[in-house]
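Colleague: here's a sequence, model it:
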Amino acid sequence: MRMITVRVICNSTPLIALSSIHKLQLLHHVFGEIIIPEKVYHEVVIAGSGKYGSFDVKACPWIRVMRTSNYALKNILMQVLDEGEAEVIALADEQKAALVIIDERLARKYASDAGFNVIGTLGIIAKSKVQGYVPEARGLIVTLLEKGIWFNNALVNRILLELGEEPLS
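Modeller: The predicted structure follows:
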């Protein structure tokens, strides 16, 4: 399949979640290069040393760490979001990103309100199935839930139904 390269900025949670099920490479398959702000790198690799994602993110040549210089926007966003989420949106604005990958509801709302296309971990899994990188989504989602990653059950079931898979009970 032909990969379309777009500027994609990613937050910590999708990196950690996909690493926890050994599927971080789905990001690369679907999007090519992924950009993460310094704070996200710190959260996952430095502060998260030894936890899911720390080794994988550090070792991925297709994950690029960038520093934002959009401090004004970052500081405004930090009034309501955590620093990593604020850096993701500020860097996306600065880099004119085509897509923001973020799971947290409030951060998704702010990114969407700022005009960015937004996708989360579930969306990555769904795209991966549609593009043929995984044979089914349900098993991956169940494994994420077993690892303690939380998703809205109604959203999970809607995505599974859209993919032609059996919803969770």
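
Colleague: quick one, strands of the protein?
Modeller: Along the chain, the segments classed as strands by DSSP state E run 8-10, 34-37, 63-66, 99-101, 117-119.

Colleague: out of those, nearest to Gln131?
Modeller: strand 117-119 (13.1 Å; Cβ to Cβ). All C-beta spots, glycine's among them, are computed from the backbone N, C-alpha and C.

Colleague: residues in contact with the closest one: which ones?
Modeller: When contacts are defined by Cβ atoms under 8 Å, 6 or more residues apart in numbering, strand 117-119 is touched by residues 98-102, 108, 111-112, 127.

Colleague: ok, back up a step: okay, the strands of the chain in TSV with mean pLDDT next?
Modeller: Shown next, in TSV, are these (pLDDT from 0 to 100):
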stretch	mean pLDDT
strand 8-10	98
strand 34-37	98
strand 63-66	97
strand 99-101	97
strand 117-119	97
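
Colleague: please name the nearest non-neighbouring residue to Tyr52.
Modeller: Ser20 (4.1 Å; Cβ to Cβ, 6 or more residues apart in numbering).

Colleague: so who does the one you found touch?
Modeller: When contacts are counted by Cβ under 8 Å, 6+ apart, Ser20 touches 52-53, 144, 147, 149.

Colleague: just those residues: which are in helices?
Modeller: Those of the contacts of Ser20 mapping onto helices are Leu144, per DSSP state H.

Colleague: separate out the buried members of the contacts of Ser20.
Modeller: Buried members of these, counted by 16 or more other Cβ atoms under 10 Å: 52-53, 144, 149.

Colleague: pull the longest helix from the protein.
Modeller: For the chain, the longest helix by residue count, based on DSSP H, is helix 83-95.

Colleague: and that one, how far out from the chain's middle?
Modeller: Computed by Cα atoms, centre = their mean, to the nearest Å, the separation of helix 83-95 from the middle of its chain amounts to 13 Å.

Colleague: one more: stretch 65-76?
Modeller: That offset, for stretch 65-76, works out to 19 Å (Cα atoms, centre = their mean).

Colleague: give the buried residues for it.
Modeller: Buried-residue list, stretch 65-76, by 16+ other Cβ under 10 Å: 66, 68, 70, 73-74.
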